[in-house]
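Asks: Dropping a prediction and its sequence here:
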Amino acid sequence: MLQSGKKPLQCLQKAINKHISVKLKSDLEYRGKMANVDNYMNVILVDAQEFSKGVLSAQFGKVVIRGNNVLFIKFEDDI
Amino acid sequence: MLQSGKKPLQCLQKAINKHISVKLKSDLEYRGKMANVDNYMNVILVDAQEFSKGVLSAQFGKVVIRGNNVLFIKFEDDI
Amino acid sequence: MLQSGKKPLQCLQKAINKHISVKLKSDLEYRGKMANVDNYMNVILVDAQEFSKGVLSAQFGKVVIRGNNVLFIKFEDDI
Amino acid sequence: MLQSGKKPLQCLQKAINKHISVKLKSDLEYRGKMANVDNYMNVILVDAQEFSKGVLSAQFGKVVIRGNNVLFIKFEDDI
Amino acid sequence: MLQSGKKPLQCLQKAINKHISVKLKSDLEYRGKMANVDNYMNVILVDAQEFSKGVLSAQFGKVVIRGNNVLFIKFEDDI
Amino acid sequence: MLQSGKKPLQCLQKAINKHISVKLKSDLEYRGKMANVDNYMNVILVDAQEFSKGVLSAQFGKVVIRGNNVLFIKFEDDI
Amino acid sequence: MLQSGKKPLQCLQKAINKHISVKLKSDLEYRGKMANVDNYMNVILVDAQEFSKGVLSAQFGKVVIRGNNVLFIKFEDDI
């Protein structure tokens, strides 16, 4: 699972089309398939679910999250 | 619905003239037709409605939202 | 009312000398004639009124609002 | 009073040596003569008074206010 | 343990594949092996544990933390 | 006391070796001799006193204050 | 103790290998030997102690503090 050669932003590129979880600075979390991501960590998420303090609060077909709100991006699939 | 080749900012360009929902860092949400958007995520919204905690709180003929306030942009139409 | 060809910052240029409303990140709102605006969304407002939570709280002959405080700029006139 | 040809930062240059009021993001307000200003909205104020929630709270012979704290600059004199 | 010749960002590069602890501006702390890090302090952490106010609150196979949230990075191993 | 020809950052350079007071965005205030300052408003203060809500809270032989925290710099001496 | 010729960032370079205290925007303070520092005020601290509201709360062999959190850096030794 460890690819020490890849920098963080390259590592995100490798996770395109994988399932991820995006945690924001606020307590919101978004889970879905990452259709794409750029170096600012703007993320396109498809078939996404929003969780507020762990409880499902909304669903999205397709959403673009602005990168500056991101706390971390967690990989749900092995990459 | 998945276009893995498009980066987040290109994806937003493709949603011009579509219905979107803009969620801000505060609990405000704006729904309307996106007349245009730039790479900073400044958005022109027409025939827009403002929702505060889910309740309709204002209506706008035309408004420019400053991009740095954006949490996410959700696509209401298929793009 | 829809000009899909104009980017958000061009759209603001077109609203010079029109009546606008500037909502700030705080709950303050400023209404008046926009004498000018730049790409950072610094705005010159003349004959302006300040509303705090919807209540008129101050009046200004001429004021320059620093762009980074802006949440959105609403057009009161058709442009 | 309207000079639609001047951009916001040029407009501030024109107010040098005039009386202005600087409102900050916090509830503080500073009134005095603006000795100078730069494009970041750093302001030199002379013979200045500080108002906290409308009440006079301090006086200054000369002070430099860092621009990023500025909410707006109001012109007390006609310019 | 002291390498006065290394700048902070070089020092972080030397800690790749070592165990670290990342403290965020909020009270969250993440401990794990740092697979990689860039100059913005974006960090890839593997086999990571999240602690909220000192209590284990989540576990991650692989996570990318966005650098702007970082308060400090502590080295658990000698480097 | 008025030097309308000097820009704010030049004005700060002229105050080197003078007594100043640095007010921060938080309620802290630092008074001392300004040994130096740069264009980001990073300040070296010597023989400094810290005041928290007007009460002396600490003393420093020499301290570097990071400019982004500065609200204003007040000149205690005529410059 | 006064070196009026040195700019703030040069002054920090001169304090490498000296004992310093780093106060953060939050109420945390870190004391230790500064192994290195860069122009963004990222600091490597060794044999460091963390104080929360003046009370010792943690100890670190080696830690990198991200510069944007710094309020001030105080020199414990004469430099």
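Replies: Nice, I can see it. Here the structure is a predicted model, which means the values were calculated and not measured.
Asks: tell me how far the ends of stretch A:34-51 are from each other?
Replies: 16 Å (Cα to Cα, to the nearest Å).
Asks: Please see if it touches chain B.
Replies: Yes - applying Cβ under 8 Å from any Cβ of the partner chain, one finds stretch A:34-51 touching chain B at A:35-38, A:42-44, A:46. Quick note: C-beta positions are derived from backbone N, CA and C, even for glycine.
Asks: In strands, which of the residues you listed appear?
Replies: Of the residues of stretch A:34-51 next to chain B, the ones assigned to strands by DSSP state E are A:35-37, A:43-44, A:46.
Asks: Can you tell me which of those residues lies closest to chain E?
Replies: Nearest to chain E among those is A:Val37, at 9.8 Å by Cβ to the nearest Cβ.
Asks: Nearest spatial neighbour of A:Gln59, chain-adjacent residues omitted?
Replies: Closest residue in space to A:Gln59, ignoring its immediate chain neighbours: A:Gln49 at 5.6 Å, by Cβ to Cβ, 6 or more residues apart in numbering or on different chains.
Asks: Run through who's touching the stretch of helix or strand that neighbour belongs to.
Replies: Per DSSP states H and E: A:Gln49 is located in strand A:43-52. With contact meaning Cβ atoms under 8 Å, 6 or more residues apart in numbering or on different chains, strand A:43-52 is reached by A:20, A:22, A:27-37, A:56-65, A:67, A:70, A:73, B:1-2, B:6, B:8, B:11.
Asks: List the contacts of A:Val64.
Replies: A:Val64 neighbours (Cβ under 8 Å, 6+ apart): A:42-45, B:8, B:11-12, B:72-73.
Asks: Just give the nearest non-adjacent residue to the residue nearest the centre of chain A, would you?
Replies: By Cα atoms, centre = their mean, the mean C-alpha position of chain A lies nearest to A:Val22, the distance being 3.8 Å. Among residues not flanking A:Val22 along the chain, A:Tyr30 sits closest, at 4.6 Å (Cβ to Cβ, 6+ apart).
Asks: circling back to that earlier point, specify which member of the residues of stretch A:34-51 next to chain B is nearest to B:Ile16.
Replies: Comparing the residues of stretch A:34-51 next to chain B against B:Ile16 with Cβ to Cβ places A:Ile44 closest, at 15.9 Å.
Asks: excluding its backbone neighbours, what's nearest that closest one?
Replies: Nearest residue to A:Ile44, sequence neighbours excluded (Cβ to Cβ, 6+ apart): A:Ala35, at 4.1 Å.
Asks: how near is that neighbour to A:Leu12?
Replies: The spacing between A:Ala35 and A:Leu12, counted by Cβ to Cβ, to the nearest Å, is 12 Å.
Asks: Helix, strand or coil: sort out A:Asn17 for me.
Replies: Put simply, A:Asn17 is coil when judged by DSSP: H, G, I helix; E, B strand; the rest coil.
Asks: That one is in contact with A:Val37, isn't it?
Replies: No - counting by Cβ atoms under 8 Å, A:Asn17 does not reach A:Val37; the two are 10.7 Å apart.
Asks: In terms of pLDDT, where does A:Asp78 sit?
Replies: At A:Asp78, the model reports a pLDDT of 75.
Asks: for it, phi and psi?
Replies: Main-chain dihedrals, A:Asp78, degrees, to the nearest 10: phi -70, psi 130.
Asks: quick revisit: just the buried ones from the contacts of strand A:43-52, in PyMOL syntax?
Replies: To isolate the buried ones among those in PyMOL, judged by 16 or more other Cβ atoms under 10 Å in any protein chain shown, type:
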select buried, (chain A and resi 20+22+28+29+30+31+32+33+34+35+36+37+60+61+62+63+64+65+67+70+73) or (chain B and resi 6+8+11)
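Asks: taking the contacts of strand A:43-52 one by one, which sit in strands?
Replies: Of the contacts of strand A:43-52, the ones assigned to strands by DSSP E are A:20, A:22, A:28-37, A:56-65, A:70, A:73.
Asks: The residue of chain A found nearest chain E - nearest residue in space that isn't next to it in sequence?
Replies: As assessed by Cβ to the nearest Cβ, chain E sits closest to A:Pro8 within chain A, at 3.8 Å. Setting aside the residues directly before and after it, A:Pro8 is nearest to E:Asn42 in space (Cβ to Cβ, 6+ apart), at 3.8 Å.
Asks: One more: A:Arg66?
Replies: Distances taken as Cβ to Cβ, 6+ apart place B:Val70 nearest to A:Arg66, at 4.8 Å, with adjacent residues excluded.
Asks: my guess is the one you found contacts A:Gly67, does it?
Replies: No - B:Val70 is beyond contact range of A:Gly67, at 10.4 Å (criterion: Cβ under 8 Å).
Asks: and the closest residue to chain C within chain A, how many neighbours?
Replies: Nearest to chain C, among the residues of chain A, is A:Asn68, at 13.4 Å (Cβ to the nearest Cβ). By other Cβ atoms under 10 Å in any protein chain shown, 17 other residues sit near A:Asn68.
Asks: which residues of chain A score low on pLDDT?
Replies: Within chain A, the stretches with pLDDT under 70 are A:1-4.
Asks: nearest spatial neighbour of A:Lys18, skipping sequence neighbours?
Replies: Spatially, and ignoring its direct neighbours in sequence, A:Lys18 is nearest to A:Asp77 (4.3 Å; Cβ to Cβ, 6+ apart).
Asks: circling back: quick one: which two of the residues of stretch A:34-51 next to chain B are the most distant?
Replies: A:Asp38 and A:Val46 (16.0 Å).
Asks: more crowded one of these two?
Replies: Legend: neighbour count by other Cβ under 10 Å for A:Asp38 and A:Val46, higher for A:Val46 (19 against 16).
Asks: returning to what we had before: give the contact list for the residue nearest to A:Pro8.
Replies: Each residue near E:Asn42 by Cβ under 8 Å, 6+ apart is listed here: A:7-9, E:64-67.
Asks: Could you do A:Lys7 as well?
Replies: A:Lys7 sits next to E:36, E:38, E:42 when contact means Cβ under 8 Å, 6+ apart.
Asks: contacting residues around the second one?
Replies: Taking Cβ under 8 Å, 6+ apart as the criterion, E:Asp38 is in contact with A:7-9, E:67.
Asks: now, which of the residues you listed lie within helices?
Replies: Using DSSP state H, the subset of the contacts of E:Asp38 located in helices is A:8-9.
Asks: Just name the closest of the contacts of E:Asp38 to chain G, please.
Replies: Lowest distance from chain G to the contacts of E:Asp38 (Cβ to the nearest Cβ) belongs to E:Gly67, with 7.5 Å.
Asks: Disregarding residues adjacent in the polypeptide, which is nearest to the closest one?
Replies: Spatially, and ignoring its direct neighbours in sequence, E:Gly67 is nearest to E:Met41 (3.4 Å; Cβ to Cβ, 6+ apart).
Asks: same thing with A:Leu12?
Replies: A:Val37 (4.9 Å).
Asks: Residues in a beta bridge with the one you found, which ones?
Replies: A:Val43 (DSSP bridges).
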